[in-house]
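Chemist: From the sequence below, what's the structure:
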Amino acid sequence: TIDLQATFTLFPPLPIVYIAPTDTSFSTCDFLDQAALDLAIITWVNTHTADLTASLDEGCDPQVTNDFTNQSIVLCSGGDITITWTITDLCDTIDIQATFTLTPPTQIAYTAPSDTTFNACDFATQADIITTFNNWVTAQTASLNITGGCAPVVTDNSASQTIPLHCIGGSTLVTWTITDLCDTISTQGEFIVTPPPAVSLTCPQNQTETACQTQAQIDTAYAAWLSAVVFSGGCNTIVTSNAPTLAPDACGGSVTVTWTATDDCGQIDTCMSTFEVLPTMLSITCPSTQLFCEDPSNNYIIPQLITNSNCNIPLQISYQITGATINNGTGNDASGIYYPGISQIVWTVEDHCNNIETCTTIVTITPITYNTVIADICDGDSIFAGGNYQMVSGTYYDTLIAQIGGCDSIVTTILTVHPTQHTSFTDSICDGQTYTWNGQTYITTGAYTQTITSVVTGCDSIVTLDLTVNPTLYGQTTAVICDTDTPFTWNGNPYSA
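Modeler: I've put the predicted structure just below:
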């Protein structure tokens with residue numbers, strides 16, 4: 001028995017030798033776009049696959065595969081992709097991983113533009129506004145202070161915007177656009193030009209100054225009044241007026257002033273006001289008509305002239321007397337000597353402003369009346385004269401006291417007392433006739449007495465009539481006439497035969 005042995009020996013393969021893929025990192029900003037990133041990932045996978053394959057050694061014909069199926073990373077989001085490479089041979093399977101990391105960009109940060117406000121009055125011309133606007137845009141762009149992102153680029157739309165107009169104002173909204181690989185950000189700022197405020201002019205209120213002030217006081221008040229005008233608004237506003245240089249006269253007057261406010265933008269506002277100085281007022285009241293009865297002293301009291309002035313400034317008062325009395329004087333009292341008759345007082349009053357007032361007072365002095373009365377009375381009668389009843393011829397004096405409104409008078413009475421007269425006369429009638437005397441008829445001889453009132457003196461007289469009745473006498477007369485002498489007249493009677 002021979003035991004023969006033989007040995008079948010199988011040698012195991014040597015361990016596979018390889019160079020493993022490595023992790024890699026990129027920044028989003030390293031790529032122009034998503035396609036470039038995708039290409040970079042593919043290239044990375046392919047390169048590592050090729051390098052891994054080339055580095056294989058030992059094993060039993062190892063082969064390399066991977067799980068890449070065109071995975072991608074969003075460019076602007078960042079992230080990572082882990083790829084597994086598998087080495088497979090007869091005896092072994094080895095998995096190897098590597099990661100492609102994409103770091104996203106930091107967020108863009110910036111300082112937003114600030115709204116800026118200007119006053120239209122800050123500019124002289126439209127060109128100044130344009131220059132300021134352009135400078136503002138440049139300054140705002142520089143002040144953005146952009147950080148982060150991927151090389152962000154700034155643009156603005158200022159060139160296409162309408163710039164506010166001088167004197168009108170307005171606003172321009174400018175948009176800045178910040179653009180980079182992953183983002184577009186818009187931010188805005190406003191360039192504001194406030195329009196000029198409306199020109200507003202406020203006049204001083206109408207002012208009335210009292211009378212009786214000095215011209216210096218009026219001048220001061222007038223100057224203060226003129227300076228009280230107030231204006232606002234506008235650009236470089238100028239106020240003018242038509243105010244006279246000199247104030248109204250202190251004795252009265254007024255001025256109406258028109259103020260005009262204008263600015264560089266052509267705005268206009270006007271207002272009017274009046275400054276008045278009240279005139280001095282002067283009035284007088286003359287004494288009423290004066291009626292006097294003659295006074296032996298010729299001295300009379302005249303009521304005083306009444307003056308009324310709104311100024312406590314002495315007045316010039318004078319008077320002129322004409323007519324029955326000639327005189328003149330000053331002051332408001334014209335009492336004194338006046339002569340019987342009608343006198344006229346003309347008063348003249350003048351104040352410090354040369355206002356003149358006149359008036360007239362009539363003074364009438366009725367002279368004493370002297371009356372003479374010739375009185376005749378009969379013996380035994382009486383008359384009141386000389387303050388008593390008189391029965392004796394003579395001259396008597398009485399002062400008659402006037403009734404209301406009249407004057408006394410002096411009456412001289414020349415009294416004649418006529419005694420009773422005794423007279424007689426003789427008369428005759430023929431027998432058969434009648435005798436009529438003072439209504440009485442007598443036919444016989446006798447003495448007859450009657451009391452007769454005198455038509456001259458009005459006094460009684462005792463008259464005696466001695467009447468004789470002559471008897472009838474008879475006689476004859478013979479007369480011879482011629483035939484041609486007829487008629488023949490005898491004792492007043494004609495006879496023809």
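Chemist: sec struct for Thr484, please.
Modeler: helix (DSSP: H, G, I helix; E, B strand; the rest coil).
Chemist: Contact partners for it?
Modeler: When contacts are counted by Cβ atoms under 8 Å, 6 or more residues apart in numbering, Thr484 touches no other residue. Backbone N, C-alpha and C define where each C-beta goes, glycine included.
Chemist: Read off the pLDDT value for it.
Modeler: The predicted structure scores Thr484 at 72 on the pLDDT scale.
Chemist: what about it, distance to His422?
Modeler: Shown here: Thr484 relative to His422, a distance of 60 Å by Cβ to Cβ, to the nearest Å.
Chemist: and if you look at Phe11?
Modeler: Distance of Phe11 to His422, given as Cβ to Cβ: 236 Å.
Chemist: which of those two has more neighbours?
Modeler: His422 (10 against 5; other Cβ atoms under 10 Å).
Chemist: all strands of the stretch 201-350 of the chain, in order?
Modeler: 207-209, 230-232, 238-241, 253-262, 268-277, 282-285, 290-293, 299-300, 306-309, 316-323, 327-330, 336-337, 341-350 (DSSP state E, counting those that start in this stretch).
Chemist: possible to save those strands as TSV with mean pLDDT, distance to Asn388 and mean neighbour count?
Modeler: As requested, these are arranged in TSV below (pLDDT from 0 to 100; distance: least, Cβ to Cβ, whole Å; neighbours: other Cβ atoms under 10 Å):
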stretch	mean pLDDT	distance to Asn388	mean neighbour count
strand 207-209	96	77	16
strand 230-232	95	97	15
strand 238-241	96	94	13
strand 253-262	97	77	17
strand 268-277	97	76	17
strand 282-285	95	50	16
strand 290-293	92	26	16
strand 299-300	96	34	14
strand 306-309	94	50	15
strand 316-323	96	42	16
strand 327-330	96	44	13
strand 336-337	96	37	12
strand 341-350	96	35	18
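Chemist: TSV please, covering those strands and showing distance to Ala6.
Modeler: Listed next are the strands of the stretch 201-350 of the chain as TSV, based on distance: least, Cβ to Cβ, whole Å:
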stretch	distance to Ala6
strand 207-209	148
strand 230-232	127
strand 238-241	132
strand 253-262	132
strand 268-277	132
strand 282-285	172
strand 290-293	193
strand 299-300	198
strand 306-309	170
strand 316-323	178
strand 327-330	185
strand 336-337	195
strand 341-350	176
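Chemist: between the ones you listed, which gets nearest to Ile410?
Modeler: Shortest distance between Ile410 and the strands of the stretch 201-350 of the chain, using Cβ to Cβ, is found for strand 290-293: 12.1 Å.
Chemist: Give me the distance from that closest one to the chain's centre.
Modeler: Its chain's C-alpha centre and that of strand 290-293 lie 53 Å apart, by Cα atoms, centre = their mean, to the nearest Å.
Chemist: hmm, who's touching stretch 308-321?
Modeler: Applying Cβ under 8 Å, 6+ apart, the external contacts of stretch 308-321 come out as 211-212, 278, 280-285, 305, 307, 327-332, 334, 338, 343-352.
Chemist: Please apply the same query to stretch 377-387.
Modeler: Among residues not part of stretch 377-387, those counted as contacts by Cβ under 8 Å, 6+ apart are 373, 375, 389-391, 396-398, 413, 415-420, 457-460.
Chemist: Among those, which are located in strands?
Modeler: If you go by DSSP state E, the contacts of stretch 377-387 have 373, 375, 389-390, 396-398, 413, 415-418, 460 in strands.
Chemist: Between those, which sits nearest Thr289?
Modeler: Using Cβ to Cβ, Asp398 is the member of the ones in strands among the contacts of stretch 377-387 that sits closest to Thr289, with 30.3 Å.
Chemist: mind checking how far the residue sitting furthest away from the middle of the chain is from Thr7?
Modeler: Within the chain, the residue lying farthest from the chain centre (Cα atoms, centre = their mean) is Thr1, at 160.7 Å. Counting by Cβ to Cβ, the gap between Thr1 and Thr7 amounts to 19 Å.
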